[in-house]
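Participant: sequence and computational prediction follow.
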Amino acid sequence: MKMKTGVEQSVYAILILNMLPDKAVLPGEAISNQLGASSTYFQKLLRKLVSADLITSVPGVKGGFKLRKKPEEIRVYDIYMAIEGQQSLYSSMGVLSDMFELSEDSHTCCLLTNLMEEAESSWKSVLKRETIESLYEKTKRDFPQKLQMLQEWIEENMVL
């Protein structure tokens, strides 16, 4: 399984938006530049995050983006779902049925289906435990000086 880079970029974009003061917004282009993301692709990510009610878009010359929910309410899982969607990671191709020449009406299941569903459920539960608030706390602990530099960048690029 390989997740799209959009999930990673979206998590860090929301982490940045978490640092905005009340009533301030940050332009999407500024965020995409900070993350080294393609502006066109990043705009699509932002639209998905807005559609998922994780962030708000403020239109206009002084527009930009800000969090819609509190950071403790935004789980990494929510961001993943907004970007990747509901599809399951595994879908049986019927190899077992072909290999054993099973008829279509025999109610057999791929041997891997239950295993893959259990694995997917496990990693999703881990993503559900982690929030933007918890990631922010880890960032404060592990990168205090870099976080201060990021805060200065935000203050230079935010719109009130």
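Facilitator: That came in fine, so what should we check first?

Participant: rest of the way, CA atoms for contacts and neighbours
Facilitator: Noted.

Participant: list the buried ones in stretch 32-51?
Facilitator: Of all the residues in stretch 32-51, those buried under the rule 16 or more other Cα atoms under 10 Å are 32, 35, 37, 39, 42, 45-50.

Participant: any chance of these in a markdown table, plus secondary structure and distance to K70?
Facilitator: Supplementary listing: those in a markdown table, determined by DSSP: H, G, I helix; E, B strand; the rest coil; distance: Cα to Cα, whole Å:
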| residue | secondary structure | distance to K70 |
| --- | --- | --- |
| S32 | helix | 22 |
| L35 | helix | 22 |
| A37 | coil | 25 |
| S39 | helix | 26 |
| F42 | helix | 22 |
| L45 | helix | 20 |
| L46 | helix | 17 |
| R47 | helix | 19 |
| K48 | helix | 18 |
| L49 | helix | 14 |
| V50 | helix | 14 |
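
Participant: next secondary structure after the longest helix along the chain?
Facilitator: With secondary structure taken from DSSP state H, the chain has its longest helix at helix 111-129. Sequence-wise, the next helix or strand downstream of helix 111-129 (DSSP states H and E) is helix 132-142.

Participant: pLDDT on that following helix, on average?
Facilitator: Mean pLDDT, helix 132-142: 96.

Participant: which SSE is immediately downstream of that helix?
Facilitator: Using DSSP H and E, the helix or strand that follows helix 132-142 towards the C-terminus is helix 144-157.

Participant: pull the CA atoms of that next one into CSV?
Facilitator: Extracted C-alpha coordinates of helix 144-157, given in CSV (Å, rounded to 0.1, in the frame of the first residue of the first chain):
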residue,chain,number,x,y,z
PRO,A,144,10.7,24.1,19.2
GLN,A,145,13.1,26.3,17.3
LYS,A,146,11.8,25.2,13.9
LEU,A,147,8.2,25.8,15.1
GLN,A,148,9.2,29.3,16.1
MET,A,149,10.5,29.9,12.6
LEU,A,150,7.3,28.5,11.1
GLN,A,151,5.3,30.8,13.4
GLU,A,152,7.2,33.8,12.1
TRP,A,153,6.6,32.7,8.5
ILE,A,154,2.9,32.4,9.3
GLU,A,155,2.7,35.9,10.8
GLU,A,156,4.4,37.2,7.6
ASN,A,157,2.0,35.4,5.3
